[in-house]
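A.B. asks: got a predicted structure plus its sequence, pasted below:
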Amino acid sequence: MSDSVSRIETLRAVAEWHENGAVPHEVPKLESVQSIFGRDVFGERVMRERLPKEIFRSVLRTIRLGEPLDPSIAETVANAMKDWAIENGATHYTHWFQPLTGSTAEKHDSFIWPDGHGGVVTEFSGSALVQGEPDASSFPSGGVRATFEARGYTAWDPTSPVFLNRGTNSVTLCIPTAFVSYTGEALDKKVPLLRSMDAVNEQAMRILRLFGTDKGVSRVFTTCGAEQEYFLIDRRFFVGRPDLLLCNRTLFGSQPPKDQQLEDHYFGSVPERVLTYMADCEKELYSLGVPIKTRHNEVAPAQFEIAPVFENANVAADHQQLVMQVLRKVAPKYGLQCLLHEKPFAGVNGSGKHNNWSMATDTGVNLLDPREETHTNMQFLVFLCAVIRAVDMHADIIRASVAHAGNDHRLGANEAPPAIISIFLGDMLQDLIEQIEKGALKSTMKGGKLDMGAASLPQLPRHTGDRNRTSPFAFTGNKFEFRAVGSSQSIAWPNVILNTVVAESLDFIATELESAVGKTPTEEKLKNAVAKLLQKIVKDHKRVVFNGDGYDIAWHKEAEKRGLPNFKDSVSAFAALKSKKAADLFKKYKVLSKVELESRYHIYVEQYIKTVSIEARTAVNMAKTLVLPAALRHQTELAETVAATQAADIDCAQIRDELEDFAELTGKFKDAIAAVEKSFAHNGHKDEHAHAAQLRDEVLPRMADLRELGDELENRVANDLWPLPTYREMLFVR
């Protein structure tokens, strides 16, 4: 879409497409969830049918209890998996893994193998199931692997379900795997996540043993349910915007007269084309065993949300990648484009991914469920205080877990939590914390009933605390909602951080309590020891608890007084990953070695540099080839109008003033282009952190200046001359 004519033609085509029907001719058939849920998953039901009983039990122990996989059963499992896949149309298999790019990766191999007699057979060995060998040098390694050191390994993760990926004319067996270097360092998101879950399990089991609630419990998992926000726009507009195509966000775009100020989009009726798209996405996700629960309009126009039910955090992380993949894949079928960037449109709400996190036993007990009479539930209070201590002590690396260029446009705005990491507890838990600090737990606040004043309406049970949408880390009934995660992010890394810091706090508490109760523990000894320890934890770490308005500027001043860190941008936040404290923490709980942690620091800084650099180049290119030519055409038409009016001996002082004013604006825009190019030209730093800081401090501000002038030009250039789809069109044509 290089000129104004193509944009206008596109608008007409979109309008005609809408008039003729907003959905494809072949709408997916409505099938019961019961009939399709998990259909494309080699899960427990399929394994029970196809594997010998003892082998099935062995695999089940690995899945449920985390026991090491018995290598001797791999051949049998692989054969059953291959037969099931081929029966469902599969021709290839792949080791599906999550490198440090933030997305997924796969290399497909065929089941077909020459039989040596002019024909073929289908083969899939146990070794092919368990281990693969992608090129490790071509993925981000942060210095772990050099270019000439290419060997890396993928290893089957049996705790995450194998699934079928169905394309238009292909079916591929996808095997979730871990990805490590030739020397064993983790090169992915999965290995640290599984290690961190092991760390939580080890320390949480110590707490359960102290309370005598470990009977029948084999393992403690962290659980997760990630809400996914996203934008949908007409795909024709997407391909007409180089910034969306290359950067996933608009680098220019004037605010329309109407955006979200009427608050009429949130929870509104879902447009028919979007609803059909949502249903198709859900159908695919149900078949993959992803338990989707919620769909609705979000706050900004053209913004929506999808959310699953809680799952084991490792499976949830894999499923979250599938959610993003399916959202993007299905959209073009409906003439749509799914945008997962945190801030694709300036001036309206961006998108997050609220990471709902908790801990649960393999017997189904949620360890962060307060239950009735919470003041008597000492075990819950121990786990609660462990989280409070962990968030206060490690707020810096928790903040670093959500640091990336896209999230910098969102965090701290009036739509997302501030960059200050604090905890919202709600009235009931806040009251209990205050009781703990005073040294006497006496009662649990009750919510009561909510009478709506109309005889026909029921009285509703009122919760014991409100919800706080401005808090980055809020307790919401039986879990913590980490709201700062970006919409385009994998949830694996934030959960690695949460798991590790909570494991450290559980370790501290277990060690203190074990020492206090001694070798002859009694209920009275434990009760007294818990009361004393929790009182100390609350006094030492209550500064991180804040139940007020996180958007209020007064909170920023208060947080500074409390000594809470406030890393306002990613470049500042990344530094936490280089600290000795962080290195010691990850090493102690065997989650990341010093080399593995350093590699992630280098990768995340490098990704920031590359992201901003691509955006700067794109902005300059668009300014030179799209915005400036449109402005000059408009200026030429103004000049021709002035000349023609003067030739007719008609007073045109106002038009001449408009021409002079517009020419001055165009000149400023040309200067702003040069300023971006000049600032961008001085980025040859050997120090990557200095390079990132230079982009933050020099390039991004110049880009903002360029955008401001470009957006003013958009407001003044004739509509038929403007080459780019506008916010008015992108946000409201759906």
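C.D. replies: Thanks, I have the structure now. Since the model is a prediction, treat every value here as computed from it, not as a measurement. Numbering: from 1, shown residues only.
A.B. asks: how much space separates the residue nearest to Lys594 when sequence neighbours are not counted from Asp507?
C.D. replies: Leaving aside its chain neighbours, Lys594 sits nearest to Ala583 (5.1 Å; criterion: C-beta to C-beta, 6 or more residues apart in numbering). (Glycine included, C-beta is placed from N, CA and C.) According to C-beta to C-beta, to the nearest Å, Ala583 and Asp507 sit 17 Å apart.
A.B. asks: now the helices for the stretch 101-250 of the chain?
C.D. replies: Assigned by DSSP state H, counting those that start in this stretch, the stretch 101-250 of the chain shows helices spanning 126-130, 190-211, 235-239, 242-247.
A.B. asks: Pro176 is nearest to which of these?
C.D. replies: For the helices of the stretch 101-250 of the chain, distance to Pro176 was read as C-beta to C-beta. The smallest value, 7.6 Å, belongs to helix 190-211.
A.B. asks: buried residues, the closest one. List them.
C.D. replies: Across helix 190-211, burial judged by 16 or more other C-beta atoms under 10 Å covers 190-208, 210.
A.B. asks: same thing with stretch 520-539?
C.D. replies: So, applying 16+ other C-beta under 10 Å, buried residues of stretch 520-539: 521, 526, 529-530, 533-535, 537-538.
A.B. asks: again with stretch 170-185
C.D. replies: Across stretch 170-185, burial judged by 16+ other C-beta under 10 Å covers 171-181, 185.
A.B. asks: try stretch 294-301
C.D. replies: 295, 297-301.
A.B. asks: next, Trp357: secondary structure please.
C.D. replies: Under DSSP: H, G, I helix; E, B strand; the rest coil, the three-state class of Trp357 is strand.
A.B. asks: so which of the buried residues of stretch 170-185 comes closest to Gly426?
C.D. replies: Of all the buried residues of stretch 170-185, Gly426 sits closest to Pro176, with 36.3 Å by C-beta to C-beta.
A.B. asks: coming back round to it: any idea how far Ile397 is from the residue nearest to Lys594?
C.D. replies: Applying C-beta to C-beta, the value for Ala583 to Ile397 is 11 Å.
A.B. asks: now the helices for the stretch 551-700 of the chain?
C.D. replies: So, for the stretch 551-700 of the chain - with DSSP H, counting those that start in this stretch - the helices run 553-562, 570-574, 580-588, 594-622, 628-647, 653-681, 688-694, 700-716.
A.B. asks: winner for burial among those helices?
C.D. replies: Mean neighbours per residue, mean count of other C-beta atoms under 10 Å, is largest over these for helix 570-574, with a mean of 24.
A.B. asks: packing partners of it?
C.D. replies: Where contact means 3 or more C-beta pairs under 8 Å, 6 or more residues apart in numbering; DSSP states H and E, helix 570-574 is packed against helix 395-400, helix 594-622, helix 688-694.
A.B. asks: which ones are touching Glu637?
C.D. replies: Going by C-beta atoms under 8 Å, 6 or more residues apart in numbering, Glu637 touches 718, 721.
A.B. asks: quick one: average pLDDT of the longest strand seen in the chain?
C.D. replies: The longest strand of the chain (DSSP state E) is strand 171-181. Strand 171-181 comes out with an average pLDDT of 95.
A.B. asks: what angle sits between that strand and helix 594-622?
C.D. replies: On the basis of axes from the mean of the first three to the mean of the last three C-alpha atoms, to 10 degrees, strand 171-181 is oriented at 120 degrees to helix 594-622.
A.B. asks: next structured bit after the helix or strand of the chain with the lowest mean pLDDT?
C.D. replies: Ranking every helix and strand in the chain by mean pLDDT, DSSP states H and E puts strand 460-461 at the bottom, with a mean of 56. Per DSSP states H and E, the first helix or strand lying C-terminal to strand 460-461 is strand 473-475.
A.B. asks: so after that following strand, what's the next helix or strand?
C.D. replies: Proceeding N to C from strand 473-475, the next assigned helix or strand is strand 480-482, under DSSP H and E.
A.B. asks: what lines up beside that next one in the sheet?
C.D. replies: Under the criterion DSSP bridges, strand 480-482 sits next to strand 355-361 (antiparallel), strand 473-475 (antiparallel) in its sheet.
A.B. asks: by mean pLDDT, show me the worst of these.
C.D. replies: The weakest mean pLDDT among the strands paired with strand 480-482 belongs to strand 473-475, with a mean of 93.
A.B. asks: just how off-centre is that strand within its chain?
C.D. replies: Centre-to-centre, strand 473-475 and its host chain are 17 Å apart (C-alpha atoms, centre = their mean, to the nearest Å).
A.B. asks: one more: stretch 212-227?
C.D. replies: Offset of stretch 212-227 from its chain centre (C-alpha atoms, centre = their mean): 23 Å.
A.B. asks: buried stuff in it?
C.D. replies: Neighbour counts over stretch 212-227 (16+ other C-beta under 10 Å) mark 214, 217, 219-227 as buried.
A.B. asks: my read: Asp188 touches Pro99, true?
C.D. replies: Yes: with contact defined as C-beta atoms under 8 Å, Asp188 reaches Pro99; the gap is 5.5 Å.
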